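Visitor: I would like the atomic coordinates for the input below:
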Amino acid sequence: MTDTTAAIQWHWEDFKDGLVMEFGPKRVERDEVIRFATEFDPQPFHLSEEAGKASLFGGLAASGWHTAGMVMRLMCDGFLNKSSSLGSPGLDSLKWQRPVMVGDELRARLTVLGSRPMNSKPKVGLVQTRWEALNQRNEVVMTIESWAMFGRREPAPSSST
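Guide: This next block holds a predicted model:
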């Protein structure tokens with residue numbers, strides 16, 4: 001058995017209110033936009049330049065779900081895979097604010113909004129975050145607000161009554 005705790009750089013205690021981290025960039029490529037859309041979101045404006053040009057987007061646009069996936073990859077490579085992440089209980093909000101077009105370069109920005117210990121699980125802490133995806137023009141193209149669960153370096157002391 002391998003000890004993976006040595007590779008963990010981020011625990012719940014490290015996510016202080018106001019912490020901001022940025023990751024990327026990641027260039028949005030034509031073939032991956034079409035490949036993702038073909039499998040998961042086969043709307044015409046995600047599948048061909050011609051349909052994209054005829055749409056409100058004016059060109060081949062990545063699916064919003066693809067955008068979320070690309071940002072998730074940036075987050076995993078940037079810090080999640082080096083953390084004590086225990087997943088998330090879900091999203092509070094997800095907003096696609098601008099289209100992501102072929103050739104765009106995405107960056108991901110994480111901002112810690114708050115944190116608290118998880119009372120029912122003394123080895124777990126909750127972190128409230130806002131994720132922003134930004135393009136090469138510094139325009140926010142997507143935002144996600146959610147809570148995530150992280151392992152604690154030191155479990156909370158048990159309370160006695």
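
Visitor: strand partners of the helix or strand that contains residue 133, parallel vs antiparallel please.
Guide: For residue 133, the host element (DSSP states H and E) is strand 124-134. Sheet pairing of strand 124-134 (DSSP bridges) gives strand 105-117 (antiparallel), strand 140-151 (antiparallel).

Visitor: hey, C-alpha coordinates of the first one in CSV?
Guide: Which is strand 105-117. C-alpha atoms of strand 105-117 as CSV (Å, rounded to 0.1, in the frame of the first residue of the first chain):
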residue,chain,number,x,y,z
GLU,A,105,-7.8,30.6,-24.0
LEU,A,106,-9.5,29.8,-20.7
ARG,A,107,-8.2,30.4,-17.2
ALA,A,108,-9.8,29.3,-14.0
ARG,A,109,-10.0,31.5,-10.9
LEU,A,110,-11.0,30.1,-7.5
THR,A,111,-12.0,32.4,-4.7
VAL,A,112,-12.7,31.1,-1.2
LEU,A,113,-15.9,32.7,0.1
GLY,A,114,-16.0,31.0,3.5
SER,A,115,-15.4,27.8,5.4
ARG,A,116,-16.6,25.9,8.4
PRO,A,117,-16.0,22.6,10.1
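
Visitor: List of residues touching it?
Guide: With contacts defined as Cβ atoms under 8 Å, 6 or more residues apart in numbering, strand 105-117 is touched by 12, 15-28, 67, 70-71, 74-75, 78-79, 100, 124-136, 141, 145, 152, 156. From N, CA and C alone the C-beta is placed, and that goes for glycine too.

Visitor: Pull out the buried positions in it.
Guide: 106, 107, 108, 109, 110, 111, 112, 115 (16 or more other Cβ atoms under 10 Å).

Visitor: Same question for stretch 48-56.
Guide: The neighbour-count check on stretch 48-56 (16+ other Cβ under 10 Å) flags 52, 55 as buried.

Visitor: cool, and stretch 26-42?
Guide: 26, 28, 33, 34, 36, 37, 41.

Visitor: for stretch 148-161, same thing?
Guide: In stretch 148-161, counting by 16+ other Cβ under 10 Å, buried: 148, 149, 150, 151, 152.

Visitor: if we take these, which one ends up nearest to residue 83?
Guide: Residue 83 lies nearest to residue 150 out of these, by Cβ to Cβ, at 6.3 Å.

Visitor: tell me the SS of residue 77?
Guide: helix (DSSP: H, G, I helix; E, B strand; the rest coil).

Visitor: Wait, it touches residue 24, no?
Guide: No. At 9.1 Å, residue 77 does not count as touching residue 24 under the criterion of Cβ atoms under 8 Å.
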